[in-house]
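Peer 1: Provide a 3D model corresponding to the input given below.
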Amino acid sequence: MYYIRLFATYLRLGALGELEYRANFWINLLQSILELSVALGGLAVVFSHTDTLGGWRPEEILALLGVYFLIGGLIRTLIRPSMVKFMEDVRQGTLDFTLTKPADSQVLVSIQRVELWRLADVLIALPVLFTALVRLRAQLGLAEALTFGVTALSGGLIIYSFWLMLSTCAFWFVKVENIQVIFQSMWQAGRWPISIYPAWLRTVLTFLVPVAFATTVPASALSGRITSNTLWGSLALAAALLIVSRWFWRVGIRFYSGASA
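Peer 2: Numbering: from 1, shown residues only. Sure thing, here's the model as predicted:
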């Protein structure tokens with residue numbers, strides 16, 4: 001409960017800061033609508049020539065697109081801003097202010113900044129998901145809905161752990177932002193089913209840069225395509241990465257030399 005109240009405090013502070021620039025919401029909303037329009041246009045072009053893509057029907061890929069925007073919006077709202085702030089603090093030697101607070105430093109680093117207007121991506125994802133669910137109505141039940149919630153949560157934790165490990169590299173390297181730019185570029189591949197890519201790229205997007213677990217797997221749960229092995233694999237990978245990222249964070253902290261060093 002302590003950390004929930006702490007997150008609520010950071011959320012309130014973030015909202016107060018964002019309200020100073022209310023035009024940002026409309027700008028982000030416009031950008032998100034344009035991005036969605038381009039993505040839907042691409043789907044229309046593809047399915048004007050074929051009935052399936054990598055074994056996925058149009059309504060299934062529409063659900064995938066909704067998941068892509070939903071998870072991406074949450075990443076840009078909650079994860080990315082805090083990680084960017086953390087790397088700035090390491091570079092400037094101001095992480096001391098976080099490390100000396102009476103709370104877990106990893107938690108503080110992970111929730112310290114919220115960009116509320118990035119929720120525009122979440123807002124446009126909801127009607128896309130709703131439309132896909134209506135078209136998948138005959139196949140969607142309680143089991144699929146629960147499985148989707150579990151896989152979406154697992155996918156979010158996987159991306160958080162992966163991004164935290166990338167950001168923790170800032171303790172040793174100066175230009176970690178370049179690595180994150182590469183990750184964001186590869187994230188774009190998540191709007192398409194993982195099955196359409198060559199085998200080597202599927203391996204990269206599943207295990208090296210785990211984009212598939214954040215987009216394709218939850219969308220598979222919605223359409224009833226997911227297997228029990230994939231579900232348990234998603235849960236196991238989320239748990240493993242949380243443990244590894246925690247260990248990597250503790251190792252990185254030992255190498256930090258801040259303003260008080």
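
Peer 1: quick check: buried residues in the host helix or strand of Phe162?
Peer 2: Element membership for Phe162 (DSSP states H and E) is helix 142-168. For helix 142-168, burial by neighbour count (16 or more other CB atoms under 10 Å) applies to 144, 147-148, 150-152, 154-168. For glycine as for every other residue, the C-beta is placed from the backbone atoms N, C-alpha and C.

Peer 1: pLDDT (mean, whole number) over it?
Peer 2: Helix 142-168 comes out with an average pLDDT of 89.

Peer 1: packing partners for that helix?
Peer 2: The elements that helix 142-168 packs onto, with contact taken as 3 or more CB pairs under 8 Å, 6 or more residues apart in numbering; DSSP states H and E, are helix 58-74, helix 80-92, helix 105-111, helix 176-187, helix 216-222, helix 228-254.

Peer 1: where in this structure is pLDDT low?
Peer 2: Where the chain drops to pLDDT under 70, the residues are 1, 3, 17-22, 138-140, 258-261.

Peer 1: give me the most central residue, it.
Peer 2: Centroid-nearest residue in the chain, with CA atoms, centre = their mean: Ile75, separated by 3.9 Å.

Peer 1: out of the helices and strands packed on helix 142-168, which one sits most buried?
Peer 2: helix 216-222 (a mean of 28; mean count of other CB atoms under 10 Å).

Peer 1: quick one: contacts of that helix?
Peer 2: For helix 216-222, the surrounding residues in contact (CB atoms under 8 Å, 6 or more residues apart in numbering) are 60, 63-64, 66-67, 71, 132-133, 136, 140, 144, 147-148, 150-152, 154-155, 190, 193-195, 226, 230-231, 234.

Peer 1: how does it look with 6 Å?
Peer 2: Here helix 216-222 makes contact (CB atoms under 6 Å, 6 or more residues apart in numbering) with Ala63, Leu64, Val67, Thr147, Phe148, Thr151, Ala152, Gly155, Pro193, Ile194, Ile226, Ser234.

Peer 1: need those residues in CSV (columns: distance to Val204).
Peer 2: Listed next are those as CSV, based on distance: CB to CB, whole Å:
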residue, distance to Val204
Ala63, 23
Leu64, 18
Val67, 20
Thr147, 25
Phe148, 25
Thr151, 20
Ala152, 22
Gly155, 17
Pro193, 15
Ile194, 10
Ile226, 21
Ser234, 17
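
Peer 1: in CSV: the helices and strands packed on helix 142-168, plus distance to Leu13.
Peer 2: Shown next, in CSV, are these (distance: least, CB to CB, whole Å):
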stretch, distance to Leu13
helix 58-74, 19
helix 80-92, 12
helix 105-111, 11
helix 176-187, 24
helix 216-222, 30
helix 228-254, 23
